[in-house]
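1. following is a predicted model, sequence given first.
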Amino acid sequence: MDDDHEPVFRKSRWGTNRYTYNPRNPIGLALIVGTLVLTGVMLLLMENRAGPFAPPSGPTWSPPPETWPAPAWPSAPAPPTVTTP
């Protein structure tokens, strides 16, 4: 089979107007393998929370020093007393 005349992309056989990689072309086959490897590496990085998916180092928030520890809440005011004459 002459691979030089095979297109890199071909129309999908599922009745849509989308194009897919052509595994009969060496470049199309390399794109398929590269896509699978890249997807697998990204999934492993996400699972292990590494690389660009690593959480930021150190605390992300801390209260200002003048409010730590938090001040005690003031006690509720006493209810008004009603006097009858």
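-> The structure has been received and is ready for your questions. Numbering: from 1, shown residues only.
2. alpha carbons only for contacts and neighbour counts from here, please
-> Fine.
3. which phi and psi values does residue 34 adopt?
-> phi -60, psi -40 (degrees, to the nearest 10).
4. okay, buried residues for the lowest-mean-pLDDT helix or strand in the chain please.
-> Ranked by mean pLDDT, DSSP states H and E, the helix or strand of the chain with the weakest confidence is strand 9-11, at a mean of 90. The neighbour-count check on strand 9-11 (16 or more other CA atoms under 10 Å) flags residue 9 as buried.
5. who are the packing partners of it?
-> The contact analysis (3 or more CA pairs under 8 Å, 6 or more residues apart in numbering; DSSP states H and E) places strand 9-11 against strand 19-21.
6. who does the strand it packs on pair up with?
-> The sheet places strand 19-21 alongside strand 9-11 (antiparallel), with pairing taken from DSSP bridges.
7. hmm, who's touching the partner strand?
-> For strand 9-11, the external contacting residues (CA atoms under 8 Å, 6 or more residues apart in numbering) are 17, 18, 19, 20, 21, 22, 28.
8. now it, how far from the centre of its chain.
-> Averaging C-alpha positions (CA atoms, centre = their mean, to the nearest Å) puts strand 9-11 30 Å from its chain's average.
9. what does stretch 40-48 give?
-> 11 Å.
10. show me the contacts for the spatially most central residue of the chain.
-> Closest residue to the average C-alpha location of the chain: residue 53 at 7.5 Å, with CA atoms, centre = their mean. Applying CA under 8 Å, 6+ apart to residue 53 gives the contacts 45, 46.
11. need the pLDDT of it.
-> pLDDT recorded at residue 53 is 94.
12. likewise residue 2?
-> With respect to pLDDT, residue 2 has a value of 58.
13. cool, residue 18 as well?
-> Looking at residue 18, the pLDDT reads 90.
14. got it, and the one 4 residues further on?
-> Confidence at residue 22, expressed as pLDDT, is 93.
15. repeat for residue 84
-> pLDDT, residue 84: 78.
16. show me what contacts it?
-> Contacts of residue 84 by CA under 8 Å, 6+ apart: none found.
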